[in-house]
Structures are given as C-alpha cells and as structure tokens.
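**Q** 3D, please:
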Amino acid sequence: MANNNSNRLELKAEEVRAVCPEKSCPYENTLKIPPLKGIIGQNRAARALEFGLKIQKPGFNIYVSGIPGTGRTTSVDAAVAELAGSQPAPEDWCYVHNFEDPDRPRALRFPPGLGRTFQKDIDTLIEELKVEAPRAFESKEYEEQRNQIMQVFQEKRQKVYVGLEKKAEQEGFSLKQTATGLLLLPIMDGKTLTEAEYEKLGPTEKEFYRKKQEKLYGKISEMMRQVRQREKEVRTRIQDLDRETGTFTTKNHFEELRQKYQNLPEVTGHLERIQKELVEHIHDFLEKEEAEILPGLKMPAQRNQFLPYRVNLLIDNSQTKGAPVVKEGNPTYFNLIGRQESRPQFGSFMTDFTMIKAGALHRANGGYLILQANDLFTRYFSWQALKRCLKNNTIQIEDLAEEFHLISTPSMRPEPIPISTKIIIIGNPYVYQLLFAYDEDFPKLFKVKADFDYRLNRDEEGVKQYAAFISRHCKENNLLPFHRSAIARVVEYGSRLVEDQQKLTSRFREVADILQEADYWARQENKEVVMAADVRRAMEEKVYRSSRIEERIREMIKDGQILMDDRGAVVGQVNGLAVIFLGDYLFGRPSRITVRTFVGKEGILDIERETKLGGQIHTKGILILSGFLGQRYAHTEPLTLSASICFEQSYEEVEGDSASSAELYALLSSLADRPIKQGIAVTGSVNQKGEVQPIGGVNEKVEGFFEVCKIKGFTGEQGVIIPRTNVKNLMLKEEVVKAIAAGKFHIWAVTNVDEGIEILTGASAGEQRPNGTFPASSINGLVAKRLVKLNAYYTESQKPARRRKKKKNNKTKKKGRGGCN
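**A** Down below sits the predicted model:
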C-alpha cells in the first residue's frame, strides 16, 4: 500500500521543469523579430497611469508601486513623455521687488518666453535711462528753469539779508554771517568791537547792548524763518521740476512697455510702480563721485541703486517644448522647494529678491515631477514641504534655518506661486502600505496607485512579447542576435525567477543582465549568434560568482563537520530543507531535525524557541503540531507527553514554517518508533488538519539536497518530498531533471501528512475508523498506542505523590482537632 502510494505520488521528469520548445519562436533569431513597443503584461498599471496622468483634480497624484526591475521607471517615463509632448508649455515666473513691502517680493507670471523678454526690457530701460537721465538734467531747458527758480529765491534772500544789515546798523550793530548762522557785533565810535574790547565795557554798557541784541535776534529769527520757508518752497519747486523732467524722460519708455504688456494687468501694475519709484529716485541715474573713507580708499557700495527695478527670472520656459518633465534625483528640501541665497556683507549676511532660486517644484509647475520614494521619504523636511505645497496648491519658499533659529540671516517671504504639478512617486509596495497606514495626508494627496506586477502569464502571447523584449534589448545595447534556442532558455529563466511554470518574471532588469552576460560569453567564443549554451553558461557563471558559501557548506557536509545522513533509516530524525539568502544569491541546504519523546505533560518543547533562535512564524508552526496531535489522537484521553524538537548544528535564527511537516514526521516517527529513510528530505508546512501547505524556495531546496546527494553518491533512493501545491513552482536545473529521468533522484508531491509518512517509513499510515481508532500496525495506530501508554505512565507516576499528599493532609487535620480539644 505504501509503495503504491510512493509510486503514485512520484513526479515525472517532465513535471519538474516547464520546457519552452524552440518552435514557440517563429523566427530563427532576434534580427527578424520586431522590437517590443511599450511594456509587457502591465495592463492594470498602464490603465492606472493613464487615468492618474489625465485626470486634473486635486489630490489625484500617483504612487507607482512595484518591486525594482519591473519596468516602473521606464513605463512612467514613456507615459509621461507621450502625454507631456502634446501639452502646451507652462508660464514663466519672475520675482520682482515689492516697493510697498520689500521683504515680500512679488511673483509675476508670463506666457512662455515672455518672462525673459520682460527681464531684458527692464535691463534695457535701465541702461537707456543711465544715458538719457543725465542728458535731460544737463539740458539747457532744465538748467534755465532751475536757475530761474534759484535766482528768484536768492534775490529774495539777499534782500532780506540787506534789510537785516541796515536794521542792525541803525541799532549800533554789525551783522556777520558765520557757519553757525548770523552774529550781531556791537559798534562803538564807528568801529566793530572785538570780544576783548567788549569784555572791557562796564556792566551798564554791556546790559545796554544785550537788550538791543535780544530784540534784534528776535527779528532776525522771524526773518530767517521766512527764508527757510522759502527754501522749502524752492526745494519743492525743484523736486517738482525734477519729477517733471523724470516723467518726461521715462514717459515714452513706459508707454511702450505698458502697450507691450497690456494683456498682463499684474505686469502693467508693476510697471507703474517702477515708474513712480524711478521718478522719485531719478537722481540715482546721475553720475556721482564715490565717497572716500581715506584718501584712495573708496566707500563700499551700500546697495545697488538699480536693484529694485531688476527682474529675477525664476522659471524660463522659452525653450520648453510641451509640459515640463522633471526627475529630481536628490530631493532635499531646498532642491525641491527652492532657496534664498545670501551674500556676506560687513560681517553679516544679506539677501534680496534676485537671490531667490527655483526648486524642482517650480521647474515642474504645469507639468510632471517624478520622485523616487527612497530618496524622498528619507528626507523628513522634503516630504513635509511637498505635502504643504499640495495641500495649499502653492509653492512657498521658506528658510529652514530661520524656522529653527539656527542663524540670524535676514530672510524674505516671497509671494507664493500657484502650483499645478502632477507628482509621481515611484516606490515599493511596503512603503506605500506604511504611508497609507500611518500618514493621514497620504491617501488624500495620492489617490491613484499604479501597481506593477512582478510576473506575467507564460502563454503564447507572453512568449512572443518576451522574444520582442529580447529583440529590443539587443538592438538598444548592440548585442549579438539571439537564436530561437537561446530565447527559449531565457523564457525558462523567466519562469525560474518567479518559481512558476505558468508565469514569467516582469523584473526585466534581471533578464537584461542575463542577456548581456550571454552576449559576453558568445563573443568570447567568436560566435555571431547567441545560442542556448551561452545562456546556460551565463546562468552558471552568475551562480558560481556568488556560491562560495554554498560550496563551503557542502564541503563541511562531505567532510562530516556538518552531520547529515543520506542513506539508512533513523527513528525520530529527518532531513529538513532551509533556504539561505545572501542578498544576491539564494540557495538551499539540508538540516538534520531530531525529535525525542518521553513521559511528561510539558508538551512539545521547541529548543530553537527556548534558546531564542526561533522566529515567530517558526514558533507558530511548532504550536500547530500540538493542535494536530490533539485533533487526531486525543478524542477520549488527554494528550500527555513531552517532546523536544531541535535543528541540529543550527546556530543562526530559524524562521518560517516550511519545516513544520518535517518536524511532524520526526515526531510521529519517534512516537511510533518507526525509522525514517534518511535519503529523503522534506519541505512543506502543515496545518492542524494534517494538510501539507505550499512553501517558497522550492527549487533551491530541492537542488540543495540534490547537490549533497551528488557529492555523497547517488543510491537511487534519494529524493525530496514537496507539497502537491508546489508542483507548478518547479523549474529545476536541467541536471536535476536528467537525474530524475534516469531514476537517480526522486521528487514526491503530497497533499497530507499521511502520504508523506508512508513515503518516509515505507509503512501504512492507517485510516481512522468510525470509532476513532486506527489499525494497530499502522503509523497512526502505533502513535495512538504510544500516546495512551505515555498518558498511563504519567498518571501512574502521579498516584504516590497524591497519596502522600492526602496522608499528610489527614495528619494535619487530626493534629488540629486535638489542639482544639
């Protein structure tokens, strides 16, 4: 019965590898195959991309989810480029001086290309006024008008001064003009007294002159007040003249500019403010001598007097064709949002609106911004700033240093710029899940998910598309043409990467690597076409470069440093299979699993868990074993046993439940006292009902045990038990397939524990009868019998202890009664 099941469950050679026939490719080589256009097998992601790119509503930004190498970036680039090319170029943006509030520069928008024109127009205006303003103020007309105003004033001022002199003489004083004002000096005998002569006068004479001085000074003050008033009037008239001259000088220039930009109200408004400010400061355009601190040392310029009129061209789309597409590979806060630069001045730092620099969001405004999730989300401030921009629909340039009070650099708050940008973030599914779960803003701002699958169907159409991809890659990278036999091997490699006979990998980066390596080996042999042998060589060499540790482990097994039996039979011992991942390489290795059972009620003791070498999933698998034993054998009596399970010579963490079926087989073997064939390794997880469940890494596990058997020598009875549901995942190496076909190696596929234990022990598992019992000589019958014995032994061992406890309690009660008496 057991042998019949073994034969029935054994897989044939053609079942362990889905061979791609050469005839599936209708062309001899890739030279005749039309290159692939677009992407393969990503219809879901392509539709999501199209939807997300075309919908113009707030929050419908895109997160492109998928593992690296699936064509995410290539697909996004192609889709965005196609759509952006058909869209108009966005507006230019400029920052200009805010004359009302200098710390808040104004933002002006222009049709594409007109921003640079406006900047040049303002620069030209300034240069022309540097010539025309001095000419206007040096003109004969201006001089005549100004001189006329000054002459009238000077005549009136002289008349007042003459009148004051006469009045002073009448009162016995001479009037002297000094740097500090007018001074009255007494006159005696027709002579003006000196200070020494005045001091020799008697008190009466001094008092006489003092009173007259006070009276005269009062009149002088009144007259001088009138003079100062006239000076103000003159200055006002001269300023009016200057304004008229400035207005006349600039009038034609600004009328031309206002006419040129008449369809841009914000720009014409700024031109009016420039003209008003310029007229008020028209003398800035006149040549002045530079002041000197010391002879030969010029005073440093305090400011550029023409700076307020300049234009900071922030975004120039004059050469942009279609909507902009920006890929920011280093999305720091400043690279994303923009920055305010500064310059040192007098031991401090100064800034102005011309030092505002655009960020990626500015450059992508009106188009598309593509970011990598790993680059963005490792920069906290960048992500927060991006969210703030998307929520407010504006780009606000702010200085982080000011926010955290790091340095006392003067900063500005430029007027925010409206944003209309489609943000596309490319990342892996794990990052997307974290963001969706822990960032409440993310679902509101990124409502479109383009999910790239890592595999596609291996059907006739899928194989044709694979061939077209190979053709395109060969042409783009100048590779040798691939023969149809090489194409077939690449298709099989695609199935191997996803561990599925009916699927192909869409991680084309890995496929492309094999294509280039196969091309290399073909060129080494001076071939003109890449053949199947070159693809096989490329795969073997790729493994060889990374398999040093795997080979070392095999040597240790061969030398007996790692204990493992591949022949004979042992009770309570089985070869489990594990996978070791080294980053760039994955391989399987057998591990000896031993089980010991004995009297007790501790249940199943997981030594890996007790030593903190077992992971949570592995622990779960161990606990499931208790559920299986109870469900199958503890219908009428409690489950009373103690058992220990150990991965021998395992000193690293054990994780996963793929060895739980092997552990159960060893446990059943120990309980039934029936040996397990050591030439058969086992993989597969098990549930509480005894069903064997699929696991990952099945190819590596089978091949790992195969290599061990090869170095130790084939017996013809060696093989691996795998879950039936993993059969479609088998894409074993050709060497293994040949060994199976020759009867050197075997693979059995089981659906439940009973099928597996029969293969391992050669004995019948035994079907459960309606009354819950099993045939006495079957594995299940022997296990049930042993469990009954263990329960009886344990119960019997507890009886003396209970009697001694009862006797002791009786003595205590008697003594207590005597004390009461």
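**Q** put the alpha carbons of stretch 491-502 into CSV.
**A** Output of stretch 491-502 as CSV, limited to C-alpha atoms (Å, rounded to 0.1, in the frame of the first residue of the first chain):
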residue,chain,number,x,y,z
VAL,A,491,11.9,32.2,-21.3
GLU,A,492,12.6,29.3,-18.9
TYR,A,493,14.8,31.5,-16.9
GLY,A,494,11.9,34.0,-16.6
SER,A,495,9.8,31.2,-15.1
ARG,A,496,12.5,30.2,-12.8
LEU,A,497,12.8,33.7,-11.4
VAL,A,498,9.1,33.7,-10.4
GLU,A,499,9.0,30.0,-9.4
ASP,A,500,6.0,29.3,-11.6
GLN,A,501,5.7,27.1,-14.7
GLN,A,502,2.8,29.2,-16.0
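**Q** ranges for the helices of the stretch 701-821 of the chain?
**A** Remark: helices assigned in the stretch 701-821 of the chain by DSSP state H, counting those that start in this stretch are 734-741, 753-761, 779-820.
**Q** phi, psi for residue 426 please.
**A** With angles defined as degrees, to the nearest 10, residue 426 sits at phi -110, psi 120.
**Q** residues near it, how many?
**A** 24 (other Cβ atoms under 10 Å). Using the backbone N, CA and C atoms, a C-beta is placed for each residue, glycine as well.
**Q** and what of the one 4 residues further on?
**A** By other Cβ under 10 Å, the residues close to residue 430 number 11.
**Q** swap in residue 413?
**A** 15.
**Q** model confidence at the closest residue to it other than its chain neighbours, what's the number?
**A** Distances taken as Cβ to Cβ, 6 or more residues apart in numbering put residue 104 closest to residue 413, at 5.4 Å, once the chain neighbours are dropped. Residue 104 is assigned a predicted lDDT (pLDDT) of 94.
**Q** could you grab the helix/strand/coil label for residue 104?
**A** Assigned with DSSP: H, G, I helix; E, B strand; the rest coil, residue 104 falls in the coil class.
**Q** how much space is there between it and residue 602?
**A** Distance of residue 104 to residue 602, given as Cβ to Cβ, to the nearest Å: 76 Å.
**Q** buried residues of stretch 38-45, list them for me.
**A** 39, 40, 41, 42, 45 (16 or more other Cβ atoms under 10 Å).
**Q** show the end-to-end separation of that stretch, please.
**A** 12 Å (Cα to Cα, to the nearest Å).
**Q** how about stretch 635-649?
**A** Using Cα to Cα, the two ends of stretch 635-649 sit 37 Å apart.
**Q** which residues does that stretch contact?
**A** With contacts defined as Cβ atoms under 8 Å, 6 or more residues apart in numbering, stretch 635-649 is touched by 562-563, 576, 591-608, 622, 626, 629-630, 633, 654, 659, 663, 666-667, 670-671, 772, 787-788, 790-791, 794-795.
**Q** in strands, which of these fall?
**A** Members of those lying in strands (criterion: DSSP state E): 576, 591-598, 603-606.
**Q** most neighbours, which of those?
**A** That'd be residue 576 among those, by other Cβ under 10 Å, with 27 neighbours.
**Q** list the beta-bridge partners for that one.
**A** residue 591, residue 682 (DSSP bridges).
**Q** find the nearest non-adjacent residue to residue 785, please.
**A** Leaving aside its sequence neighbours, residue 785 sits nearest to residue 776 (Cβ to Cβ, 6+ apart; 7.1 Å).
**Q** and residue 411, how many neighbours does it have?
**A** Neighbour tally, residue 411, other Cβ under 10 Å: 18.
**Q** on that earlier part again, rebuild the buried residues of stretch 38-45 as TSV, extending it with distance to residue 515.
**A** Listed next are the buried residues of stretch 38-45 as TSV, based on distance: Cβ to Cβ, whole Å:
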residue	distance to residue 515
39	17
40	15
41	18
42	20
45	23
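**Q** now go through those and say which are in helices.
**A** Here DSSP state H is the test, and those give residue 45 as lying in helices.
**Q** what's the farthest-apart pair in the buried residues of stretch 38-45?
**A** 40 and 45 (11.1 Å; Cβ to Cβ).
**Q** before we move on, back to that, isn't the residue nearest to residue 413 right up against residue 411?
**A** No. Contact criterion Cβ atoms under 8 Å: residue 104 and residue 411 do not qualify, at 11.2 Å.
**Q** what residues are shared contacts of the two?
**A** What both residue 104 and residue 411 touch, as defined by Cβ under 8 Å, 6+ apart, is an empty set.
**Q** might one say that residue 284 is in contact with residue 307?
**A** No. Applying Cβ under 8 Å, one finds residue 284 not in contact with residue 307, separated by 10.5 Å.
**Q** ok, those two, which is more surrounded?
**A** Ranked by neighbour count (other Cβ under 10 Å), residue 284 and residue 307 place residue 284 first, with 16 against 11.
**Q** next, the contact list for the more buried one, please.
**A** Residue 284 neighbours (Cβ under 8 Å, 6+ apart): 305, 306.
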